[in-house]
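Undergrad: fold the stuff below for me.
(chains A, B, C and D)
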There are 2 protein chains.
Amino acid sequence: MTSARPRSTAVAGAPELAADLSFLLARANALSLAAGNAALAPFGLKARSYSVLALASGDARPAQRDLAEYLRLDPSQVVALVDDLQAKGLVTREPDPTDRRANVVVATPEGARLFRDAERAARDAERTLHADLSDAERAELGRLLARLAFPG
Amino acid sequence: MTSARPRSTAVAGAPELAADLSFLLARANALSLAAGNAALAPFGLKARSYSVLALASGDARPAQRDLAEYLRLDPSQVVALVDDLQAKGLVTREPDPTDRRANVVVATPEGARLFRDAERAARDAERTLHADLSDAERAELGRLLARLAFPG
DNA sequence: TATTGTTATACTCTATAACTATA
DNA sequence: TATAGTTATAGAGTATAACAATA
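TA: Reported below is the predicted structural model:
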């Protein structure tokens, strides 16, 4: 017979970290990332590759350097992510007419289609994970997080 | 002469991810983690070891398994973290009188002292990072994040 | 001179399985 | 039979430096 594990409860109420925004951010992100990766797995994507595909599917026509900045990745990591997506036929590297050093990353039609399907699954998973927040609270959280994520 | 990089701006305004709570969470966390690790480096700590030291400094008397659950780490990672802190004389492993399998992790006096100093530095760094949020907004963000971080 | 993309390398982090001692 | 801690190991993620082509 297992006891009710009172120690665990004590830790859960510990004041040392519960008031720490950085810690809450880290823990919420860990849960979100795990749920997101699980939702994206059937599409052969992870959070990273999904993000690259998302930006490649839009109108921004990002160079790899833009992806690195926006996603806070090292340019060398972007190389590997784009290599992988390109090998799967989901994105292409197009020469940037205004800068011959740069590759513009663009989704193929299949890539754009897969992104739309994956996006729906990701949104559903997020909705489930945040089920106990109201729409207004989700919107407020998004506004506050955006100010932390994009200062200045 | 460098141009104003209009592409970057276009990506920053891309609607594909900007509305994605998971993405905002990931990006905000990445910035927070980088700032936190930088602030903790002078103390020989990182976010992980700081969190362990924080819980060991409180009254919770956590077993390693409690630390693993609360910090969302694998128990084998906790072993390495506690080994490191113990080698530095900041925490000790005490036998749990109620369960001879379990080690209770407790801060030494030096550990508790270092934590207090590190905590101040971490709080200052966080305050700087979140300078454009009001106290009320910070509190609201904490409430919302706590509900994501500790569902149920 | 500086920047984009690339490669190579090393380092950290993470996930998994197996083992021991206890429960 | 299950759990706490440990060990080992492999894989993923991250950071760094160097290079060729181009700006």
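Undergrad: what does chain A have sitting close to DNA strand C?
TA: A:34, A:63-65, A:68, A:75-76, A:79, A:82-83, A:93, A:96, A:99, A:101-103 (CB under 7 Å from any atom of the strand). For every residue, glycine as well, the C-beta is placed using N, CA and C.
Undergrad: just the residues you listed now: which is nearest chain B?
TA: A:Ala63 (6.2 Å; CB to the nearest CB).
Undergrad: most surrounded residue in the residues of chain A next to DNA strand C?
TA: A:Ala63 (25 neighbours; other CB atoms under 10 Å in any protein chain shown).
Undergrad: state the pLDDT value of that one.
TA: With respect to pLDDT, A:Ala63 scores 96.
Undergrad: isn't it up against A:Pro97?
TA: No: taking contacts as CB atoms under 8 Å, A:Ala63 lies outside contact range of A:Pro97: 11.9 Å.
Undergrad: which neighbours do the two share?
TA: Counting by CB atoms under 8 Å, 6 or more residues apart in numbering or on different chains, A:Ala63 and A:Pro97 have no common neighbour.
Undergrad: A:Asn103 touches A:Val91, doesn't it?
TA: No: A:Asn103 lies out of contact with A:Val91 (CB under 8 Å); the separation is 10.2 Å.
Undergrad: list residues touching both of the two?
TA: With CB under 8 Å, 6+ apart, A:Asn103 and A:Val91 have common neighbours A:Val82.
Undergrad: cross-check the residues of chain A next to DNA strand C against DNA strand D and keep the overlap.
TA: A:76, A:99, A:101.
Undergrad: which SSE is the first one in?
TA: Applying DSSP states H and E as the criterion places A:Ser76 in helix A:75-87.
Undergrad: helices or strands up against that helix?
TA: helix A:47-57, helix A:64-71, strand A:91-96 (3 or more CB pairs under 8 Å, 6 or more residues apart in numbering or on different chains; DSSP states H and E).
Undergrad: tell me the most buried of those?
TA: helix A:47-57 (a mean of 23; mean count of other CB atoms under 10 Å in any protein chain shown).
Undergrad: low pLDDT regions in chain A?
TA: Counting by pLDDT under 70, chain A has low-confidence residues at A:1-10, A:12-13.
Undergrad: what does it have sitting close to DNA strand D?
TA: So chain A meets DNA strand D at A:2, A:46, A:48, A:73-74, A:76-77, A:80, A:99-101 (CB under 7 Å from any atom of the strand).
Undergrad: which two among those are spaced furthest apart?
TA: Greatest spatial distance among the residues of chain A next to DNA strand D (CB to CB): A:Thr2 and A:Arg100, at 66.0 Å.
Undergrad: which of the two has more neighbours?
TA: Under the criterion of other CB under 10 Å, the comparison of A:Thr2 against A:Arg100 puts A:Arg100 first, with 7 against 4.
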